[in-house]
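Visitor: With the sequence up front, the predicted model follows.
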Amino acid sequence: MNPSNPAASAWFQRLLLPGLAFKAVVIGGGYSTGRELAEYFIPGGPSGGLAGMLLAMIIWSALCATTFLFARAAHALDYQTFFRRLLGRGAFLFELSYFAYLVVILAVFGAAAGSLGESLFGWPDLYGTLCLMAGIALFATFGSASVEHLFKWVSVFLYATYAVFLLLALTKFGSSIAPQFARHEFNDGWAVRGVTYASYNIVGAVMILPVVRHMRSSTDAVRAGLLCGPLAMLPALLFFVCMCAFYPEIGTETLPSAFMLRRMNEPVFEIVFQLMIFAALLESGTGAVHAVNERIASAYRSRYGRALANSTRLAAAAVMLVGSIFIASRFGLVTLIASGYRALAYVIIALYALPLLTYGVWQVFVRRDALPAQTNPQPHGP
């Protein structure tokens, strides 16, 4: 975005940045490698899986828009303030579930980064994990501005890479894709899987609450929220269509991306794609850790009246990373996605989605006087 054009920059930050940030925190290790798509959407069949993804996209858009509206009304730029307004004394329950979520997703990211390091450079798994930890800690140290720049530039790299991936897939094995969709296969459970996938990922909307500070009105909140679903799901839709060339056997692959890249036989692009996966892991992990740092920064500012030091942000990030990522050494990527994510989905529905769509909507549209005066919130961090 051209810094000499403030109007264009403001439009980007108000409407597009939230969607790019949401994409950043949901893409992670399972989405970017295709493992999550194999787990949740391939069992529904090509057509059923695509329908499940579109259902998840609609859920994301609706819940993101509602989340941004409530966040503006409640003057909440971090998840602690948000859930204190939404759940009252029950907010600590979300703190506990978010800690579990953080442990699981960082463990998944660590496992995926270790696999990438081995695949690209022949490293032991630990080296790739350590590179990811260092990158996340670096960007999380410098606050919201650093994180938002990461989201923007990684998004450019990511969308371009997926576009090239689609073109190569259509060239190499495109003739195998159309017949799969021509069968119109909708297997049982496709809708349930779509809802489950959307549910555990929707917590990303509260992880990116600092971007709400750019929004000027409720209209901005709605527009930005509705764009979140398509911006986050577009790469997955492209990837899934390509995966269906190898349906159903690709559903059992630990890393569907590696499976398809081998069949493309494009060594240079294979390296680029795997670097893109690492970049996706970096932005997702950074978004998750930054959300906790912003929660700490908010509490620190309320108590001491000053901003949280970068050194403290670095220390907090290091503790989270060391405590979470090394769980990846105990569990595999498939196990973490299949078991850990599904359990978290039910918790997030109970503590976030249902209260937001009932009590939260009631507070915003019926009892506005019950929330703090609606103002344009200011950032908690640099």
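Guide: Now that the structure is in, tell me what you want to look at. Residues are numbered from 1 along each chain as shown.

Visitor: So for His214, what's the nearest residue that isn't a sequence neighbour?
Guide: Setting aside the residues directly before and after it, His214 is nearest to Gln13 in space (Cβ to Cβ, 6 or more residues apart in numbering), at 4.0 Å. (C-beta placed from N, C-alpha, C; glycine too.)

Visitor: what about the one you found, neighbour count?
Guide: The number of residues packed around Gln13, counting by other Cβ atoms under 10 Å, is 19.

Visitor: Need the per-residue pLDDT for Asp125.
Guide: Looking at Asp125, its pLDDT reads 82.

Visitor: worst-scoring helix or strand of the chain, pLDDT-wise?
Guide: helix 333-335 (a mean of 55; mean pLDDT, DSSP states H and E).

Visitor: any idea of the mean pLDDT in the helix or strand harbouring Leu234?
Guide: Element membership of Leu234, judged by DSSP states H and E, is helix 218-243. The predicted model gives helix 218-243 an average pLDDT of 96.

Visitor: buried stuff in that helix?
Guide: By neighbour count on 16 or more other Cβ atoms under 10 Å, the buried set for helix 218-243 is 220-243.

Visitor: What's the first helix or strand after it?
Guide: Downstream of helix 218-243 (by DSSP H and E), the next one is helix 256-264.

Visitor: That following helix packs against which elements?
Guide: helix 17-33, helix 35-40, helix 143-173, helix 218-243, helix 267-304 (3 or more Cβ pairs under 8 Å, 6 or more residues apart in numbering; DSSP states H and E).

Visitor: mind redoing it with 6 Å?
Guide: The contact analysis (3 or more Cβ pairs under 6 Å, 6 or more residues apart in numbering; DSSP states H and E) places helix 256-264 against no helix or strand.

Visitor: Report the inter-axis angle for it versus helix 143-173.
Guide: 40 degrees (axes from the mean of the first three to the mean of the last three Cα atoms, to 10 degrees).

Visitor: Only the buried residues of helix 256-264, if you could.
Guide: Buried-residue list, helix 256-264, by 16+ other Cβ under 10 Å: 256-261, 264.

Visitor: Could you identify the most distant pair in these?
Guide: Pro256 and Met264 (12.6 Å; Cβ to Cβ).

Visitor: re earlier: measure how far the helix holding Leu234 is from the centre of its chain, please.
Guide: 11 Å (Cα atoms, centre = their mean, to the nearest Å).

Visitor: if we can go back for a sec, next secondary structure element downstream of the least confident helix or strand of the chain?
Guide: Counting by DSSP H and E, what follows helix 333-335 is helix 341-348.

Visitor: Give the other helices and strands that that next one contacts.
Guide: helix 190-201.

Visitor: list the helices and strands the helix it packs on packs on?
Guide: Checking 3+ Cβ pairs under 6 Å, 6+ apart, helix 190-201 ends up next to helix 45-74, helix 341-348.

Visitor: Any chance you could list what contacts it?
Guide: Here helix 190-201 makes contact (Cβ atoms under 6 Å, 6 or more residues apart in numbering) with 26, 40, 44, 48, 51-52, 55-56, 59-60, 341, 344-345, 348-349.

Visitor: at 8 Å what do you get?
Guide: 26, 36, 40-41, 43-45, 48-49, 51-57, 59-60, 63, 101, 341-342, 344-346, 348-349, 353 (Cβ atoms under 8 Å, 6 or more residues apart in numbering).

Visitor: same deal with stretch 294-312?
Guide: Taking Cβ under 8 Å, 6+ apart as the rule, stretch 294-312 contacts 77-81, 141-144, 209-210, 293, 313, 316, 380-382.

Visitor: Centre of the chain to that stretch, how far?
Guide: That offset, for stretch 294-312, works out to 25 Å (Cα atoms, centre = their mean).
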